[in-house]
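> Here's my sequence, what's the structure:
(chains A and B)
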Protein chains: 2
Amino acid sequence: MKVAYLGPHGTFSEEAAHRYFKDRQIDWHMCDSVPEVLEAVGDGLADWGIAPIENAIEGTINMTVDSLLVNDLYIAGEVILPVSLHLLGTPGTKEEDIREVWSIPPALAQCREYIRSLKVKTRHFDSTASAAAAIREAGRNDVAAVASAYAGDLFGLVKVRRNIEESYENQTRFVVVTNDKKAPADARKTMLQVIPSDEYTGVLSSILNVFSALNINLTWIESRPTKKKLGAYQFFLEAGFGVQNPLIEKAVAVLQTYGHEVNILGSFTATKLD
Amino acid sequence: MKVAYLGPHGTFSEEAAHRYFKDRQIDWHMCDSVPEVLEAVGDGLADWGIAPIENAIEGTINMTVDSLLVNDLYIAGEVILPVSLHLLGTPGTKEEDIREVWSIPPALAQCREYIRSLKVKTRHFDSTASAAAAIREAGRNDVAAVASAYAGDLFGLVKVRRNIEESYENQTRFVVVTNDKKAPADARKTMLQVIPSDEYTGVLSSILNVFSALNINLTWIESRPTKKKLGAYQFFLEAGFGVQNPLIEKAVAVLQTYGHEVNILGSFTATKLD
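The predicted model follows:
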């Protein structure tokens, strides 16, 4: 089985992919960008793809949703990865000897107070993983990377200081996608795209009322401009039941009767990694 | 007047900032990351900041919203910049001589079909602007960058091929923020943060019904996990009236009576650049 994911080695995407597919024999297909991951699945180069959809540190959800639609893929799984940042150095590195910290700007920003307290310079990289790899390559004791424990293990670095990020609940959500539009039997969430029949005041609340009338909880919602028409919005909704649940069927039927376009983007169960 | 924005020279942020503040005497404060832009305003190092809030190519909205809240800033303006990507080379560069194309992965992905047709290698940079700067520095005729016309002009590059992106309506929205919590007199939109009193099925539709009952159009909505409580969501809403409109006051009063926490993040008029 071939799985596509976003590289380089040591990214949060790689960690999520390896842990999610851990007991299976996988042929890994590393990609340079999120659109390439989803295209690899769309083109049949990979059976599955894993891509970040809600992410505090790397990647963006917009690109994932856009590429999902372009490649006509199905979300069959969701992985939630807690994200913790550490100050990583080569073995023997002491906090007081560090003169420079390497990472991506958003990761450095999440640890700003701590890094300020070190009174060091910062240097920017393409990914937290490439910063960790560069520390390993440099083999110096006066530089350190801000990256994940996974990247640290991969590149033989040690934690000079643990959990240096300021935000208390950092996590990244990934979608696991495939070409086969079949929900797993235990699916408990459904992702829908709703394109309103027309733009009018209250169109979104009229859409949401359909779910509320059927007692369907919505666990995520996002409005996005449609590329079809200037100023028009579409909505992405995550409902708290699998697609096989008759309530979802009813909601879709009511929305379609109102004239809205509804597309099921996937149905799945969330896997929470610790 | 001092204005903070995201560098390096040639970014879409710089273009939006320069065009928005075009007739004023500005002391520019270039930053390395979105959080730094907003922090500069929060710390009083800059009077105004401009940061991307909905962006197809660079930056992410999550970081902007988070930093807005942390620094307790007010959104007093919005800038909408159409984004077009071009293949840029040093003068005299011919399409058929190009062997390598430089840019950031998402920008390359947006022009995938065209770049494929060139049968060239690609090389990754930190920003479209830094790719354009590198082409200028290399001074070669066999490499080209995917970047904006603004970056091309800045670095003396020419358009080898125009409008190579596949998506038809690419734009980036920026917020213009300041410390002074006062809406401009002509404000016609209001950005609100609503933190529900409790999590229950239909809480979002009950919130949206308040706006729909008052005939207030919502032009943008996003749900985000709150960092205060595990699994709890907050909502960001953009309403189609300025904060001085009595309808907005009424909506806020009703939501507060229901027990929800409501914060006005700003009130402004959108400026559409062409």
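> where's the most centrally placed residue in chain A relative to B:Pro52, distance?
Geometric centre of chain A, nearest residue: A:Pro52, 1.9 Å, by Cα atoms, centre = their mean. With distances taken as Cβ to Cβ, to the nearest Å, A:Pro52 is found 18 Å from B:Pro52. All C-beta spots, glycine's among them, are computed from the backbone N, C-alpha and C.
> now A:Ala46
Counting by Cβ to Cβ - A:Ala46 and B:Pro52 are separated by 31 Å.
> Quick one: distance of stretch A:243-255 to the chain centre.
Averaging C-alpha positions (Cα atoms, centre = their mean, to the nearest Å) puts stretch A:243-255 27 Å from its chain's average.
> Would it count as contacting chain B?
No. Counting by Cβ under 8 Å from any Cβ of the partner chain, chain B is not contacted by stretch A:243-255; separation bottoms out at 11.2 Å.
> Return the set of buried residues in that stretch.
A:Val243, A:Asn245, A:Leu247, A:Ile248, A:Ala251, A:Val252, A:Val254, A:Leu255 (16 or more other Cβ atoms under 10 Å in any protein chain shown).
> In contact with A:Val120, which residues?
Shown in contact with A:Val120 (Cβ atoms under 8 Å, 6 or more residues apart in numbering or on different chains): A:Ile98, A:Arg99, A:Glu100, A:Val101.
> nearest spatial neighbour of it, skipping sequence neighbours?
Counting by Cβ to Cβ, 6 or more residues apart in numbering or on different chains, A:Val101 is the residue found nearest to A:Val120 once chain neighbours are left out, at 5.3 Å.
> Show me the helices in chain A, by range?
For chain A, the helices defined by DSSP state H occupy A:12-20, A:34-42, A:61-70, A:105-110, A:112-118, A:128-138, A:149-154, A:203-213, A:246-257.
> A:Ala149 touches A:His86, doesn't it?
Yes. A:Ala149 sits in contact with A:His86 when judged by Cβ atoms under 8 Å, with a separation of 5.9 Å.
> Compare these two (neighbour count), which wins?
A:His86 (24 against 16; other Cβ atoms under 10 Å in any protein chain shown).
> so the more buried one touches A:Arg162, yeah?
Yes. Proximity of A:His86 to A:Arg162 meets the contact threshold set by Cβ under 8 Å, at 5.3 Å.
> Up against chain B, what does the stretch 1-150 of chain A have?
Going by Cβ under 8 Å from any Cβ, the residues of the stretch 1-150 of chain A near chain B are A:32-36, A:39, A:55-56, A:60, A:62-63, A:66-67, A:105-106, A:108-109, A:112, A:124, A:126.
> how about a cut-off of 6 Å?
Neighbours of chain B within the stretch 1-150 of chain A, by Cβ under 6 Å from any Cβ of the partner chain: A:Asp32, A:Ser33, A:Pro35, A:Thr60, A:Met63, A:Pro105, A:Pro106, A:Ala109.
> In the stretch 1-150 of chain A, where is pLDDT below threshold?
Along the stretch 1-150 of chain A, the parts satisfying pLDDT under 70 run over A:56-61.
> Look at A:Arg162 and say how many residues are nearby.
Residues near A:Arg162, counting by other Cβ under 10 Å: 11.
> In contact with it, which residues?
A:His86 (Cβ atoms under 6 Å, 6 or more residues apart in numbering or on different chains).
> need the strands for the stretch 51-200 of chain A, in chain order.
A:74-82, A:86-89, A:100-103, A:121-124, A:143-147, A:158-161, A:171-178, A:189-195 (DSSP state E, counting those that start in this stretch).
> Might you report the residue contacts of A:Met63?
A:Met63 neighbours (Cβ under 6 Å, 6+ apart): A:Val34, B:Pro106.
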